[in-house]
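Peer 1: Attaching a predicted model along with its sequence, questions to come.
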Amino acid sequence: MDTSTAPQTVTLGPRGPEVPALGLGTWSWGDSLFWQYGGGYGVEDVRAAYKASLAAGVNFLDTAEVYGLGESEKLIGQFMKADSKPAIIATKYMPLPWRFSGQSVADALTDSLKRLKLASVDLYQVHMPFDFFMGQKTLMNALADEVEQGRIKTIGVSNYSAKQMREAHSLLAARGIPLAVNQMQYSLLHRNIETNGVFEAAQNLEMTILAYSPLAQGLLTGKYTVGSDRTPTGARKLDPKFSKKGLQKIEPVLAALQSIGDTHGKTQVQVALNWLIGKGNVVPIPGAKNAKQAEQNAGALGWEMTAVEREQLDNVSAPWIK
């Protein structure tokens, strides 16, 4: 029986909310363009995923106004209203070119809160580091205004470089408000933040990394292998990583996940997520389209692999450090 010494909760930034060390990404909820929502799965499936996640103690959900063009936020709002268990909600603002004033931030937040049926949101993130006409100073000041008005509890960014993180952090610090989060793509098959300065900047600035695509959009689940006849759906069909050559390249990683999983009675998914949790101050936010996936994700918590096993995964995934 494994006993865990790894933290099972993480405080977002220096004084943000305390969340489970594993979250739930909801990009696939309501999204029919990339994820085929309404085809292979629908509202009852994602409702079951919501219930299963909260039942397992994974009550930190990440969404965005652009996910399903607002549908993801609407679904979460409905689920929360029908369930007495508390949930911690993060959503995102997309800095579109025609949003060029601080009022645009206030209006977008108003719309998100309406869909979520909330008076305030625990974490509000800037989805992309686009400047366009607004500029970071106007953007960060607009976010700071919302913190002061109580509609945002914590500010985060997403897909920001180390330099962009420092600039945003500095602008908010001038208002006495911390930048708590940078949400980045991070997995065994996408380790760029370890070498491009983002991971180091997060540590220096006391920021938390939210790791999106922690299972590399399904590549680390073991579902897609050279010998399998399973093919990805949607835009993933065009991704060369899912080609025969791409799948051959990841075989050593999947084999290592399987071996470590066998030792601990865990699946490849649970080992891949646990590797991220063990990095410290990293919260992976895998998606779940149904209860089974949500329950499997939650199995990444409550145990810890050995230092030797961590090193094995570090080494076998070294080709994905760029």
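Peer 2: Received it, and whenever you're ready, just let me know what you need. Residues are numbered from 1 along each chain as shown.
Peer 1: in the protein, which spans are strands?
Peer 2: Listed in chain order, the strands of the chain (DSSP state E) span 9-11, 18-20, 24-25, 60-62, 88-93, 123-126, 155-158, 179-185, 208-212, 282-284.
Peer 1: what residue ranges in this structure score low on pLDDT?
Peer 2: Within the chain, the ranges that satisfy pLDDT under 70 run 1-7, 224-243.
Peer 1: Any idea which of the strands of the chain gets closest to residue 249?
Peer 2: Using C-beta to C-beta as the measure, strand 179-185 is the one of the strands of the chain that comes nearest residue 249, at 17.9 Å. (Each C-beta comes from the backbone N, C-alpha and C, glycine too.)
Peer 1: buried residues in the closest one?
Peer 2: Neighbour counts over strand 179-185 (16 or more other C-beta atoms under 10 Å) mark 179-185 as buried.
Peer 1: possible to save these as CSV with distance to residue 46?
Peer 2: Supplementary listing: the buried residues of strand 179-185 in CSV, determined by distance: C-beta to C-beta, whole Å:
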residue, distance to residue 46
179, 30
180, 27
181, 24
182, 26
183, 20
184, 24
185, 22
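Peer 1: and which of those is nearest to residue 129?
Peer 2: residue 182 (9.9 Å).
Peer 1: Would you agree that closest one is in contact with residue 162?
Peer 2: No. Taking C-beta atoms under 8 Å as the definition, residue 182 is not a contact partner of residue 162, at 9.1 Å.
Peer 1: Mind listing the shared neighbours of these two?
Peer 2: With contacts defined as C-beta atoms under 8 Å, 6 or more residues apart in numbering, the residues adjacent to both residue 182 and residue 162 are 198, 201.
Peer 1: Same list, the strands of the chain, but as CSV with distance to residue 314 please.
Peer 2: Below are the strands of the chain laid out as CSV (distance: least, C-beta to C-beta, whole Å):
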stretch, distance to residue 314
strand 9-11, 21
strand 18-20, 24
strand 24-25, 24
strand 60-62, 26
strand 88-93, 28
strand 123-126, 28
strand 155-158, 25
strand 179-185, 18
strand 208-212, 16
strand 282-284, 14
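Peer 1: for the ones you listed, which one sits closest to residue 107?
Peer 2: Of all the strands of the chain, the one in closest proximity to residue 107, counting by C-beta to C-beta, is strand 88-93 (10.1 Å).
Peer 1: in its sheet, what does the closest one sit against?
Peer 2: Strands that pair with strand 88-93, judged by DSSP bridges, come out as strand 60-62 (parallel), strand 123-126 (parallel).
Peer 1: Could you export those as TSV, including distance to residue 320 and mean neighbour count?
Peer 2: Conversion of these to TSV gives the following (distance: least, C-beta to C-beta, whole Å; neighbours: other C-beta atoms under 10 Å):
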stretch	distance to residue 320	mean neighbour count
strand 60-62	23	27
strand 123-126	25	26
